[in-house]
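>>> Dropping a prediction and its sequence here:
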Amino acid sequence: MPLDVDIHKIFESAERRFTLDVAFTASTQRVVLFGPSGAGKSLTLQAIAGLLRPDEGKITLHGNALFDSKLDVDLKPQARKVAYLFQDYALFPHLNVRQNIGFGLQRGWFNPRARSSHAQTDYWLDALELRGVAGNYPAQLSGGQKQRVALARALVAQPQLLLLDEPFSALDSTLRQRMRLELSELQTRLDIPMVLITHDPDDVAAFGDQVVQISDGRVRENQAFSGYARSET
């Protein structure tokens, strides 16, 4: 995956000063940012997505600068062709499943019509087995269904990179295991690069073709594994 990250940002408050100083190059299709809560993983993901502006540094994807402080480049999130799956899925509660997925195709702030059909929306309804709940609202969905809707909404715009923020933390252990398998199969089928952040070693085992360990705002280790070698650790 041609993703290069080299960023620096200082966060200051009355109680704390935190320095984010992260640099890594993604060398596989699956990268896991691994570390404890508060390590700076989510901040790094937000910087890649364009939701947070570093003080200085550079982020490139496929050789194109998403952010470059020296060249004064800071693309808006919509222009980065990056999909971000939030930890709580961030589904719109007043929109049904079809509308939530279709929102990723909309320009402006108008909600998709409740029963409007779009080829891309229909494709993801079928691909993620959501056709039967297309008219349901988020409050009517299970945890696994919510995650699949959030994934469909993220993928409908055909992004070049998928970012996932602790995607299994809200699921029970049985569903977590199943959703890991489903996400793994989907990512393999689509061949879309992904960066996943977690503090769960089981997520590392499932997706850590490359593991970037982050602690106290810094990269402590960056290592790529073969599937066999990872399964032995």
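Nice, thanks for sending it over. Numbers count the residues shown, from 1 in each chain.
>>> how about the helices in this protein?
41-49, 97-102, 119-127, 143-155, 173-190, 201-207, 227-232 (DSSP state H).
>>> list the helices and strands the first one packs on?
Judged by 3 or more Cβ pairs under 8 Å, 6 or more residues apart in numbering; DSSP states H and E, helix 41-49 is in contact with strand 3-12, strand 17-26, strand 30-34, strand 82-85, strand 161-165, strand 194-198. Placement of C-beta: from N, CA and C, glycine included.
>>> Contacts for it, please.
Around helix 41-49, the neighbours that count as contacts under Cβ atoms under 8 Å, 6 or more residues apart in numbering are 3, 5, 7, 9, 20, 22, 33-35, 52-54, 59, 66-67, 77, 80, 82, 84, 161, 163, 165, 195, 197-199, 214, 217.
>>> In JSON lines, list the helices and strands packed on helix 41-49 along with distance to G143, mean neighbour count and mean pLDDT.
Output for the helices and strands packed on helix 41-49, formatted as JSON lines (distance: least, Cβ to Cβ, whole Å; neighbours: other Cβ atoms under 10 Å; pLDDT from 0 to 100):
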{"stretch": "strand 3-12", "distance to G143": "29", "mean neighbour count": "17", "mean pLDDT": "96"}
{"stretch": "strand 17-26", "distance to G143": "29", "mean neighbour count": "17", "mean pLDDT": "96"}
{"stretch": "strand 30-34", "distance to G143": "21", "mean neighbour count": "25", "mean pLDDT": "96"}
{"stretch": "strand 82-85", "distance to G143": "14", "mean neighbour count": "23", "mean pLDDT": "92"}
{"stretch": "strand 161-165", "distance to G143": "15", "mean neighbour count": "24", "mean pLDDT": "94"}
{"stretch": "strand 194-198", "distance to G143": "17", "mean neighbour count": "25", "mean pLDDT": "95"}
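>>> Nearest to R176, out of those strands?
Proximity to R176 (Cβ to Cβ) singles out strand 194-198 among the helices and strands packed on helix 41-49, at 11.0 Å.
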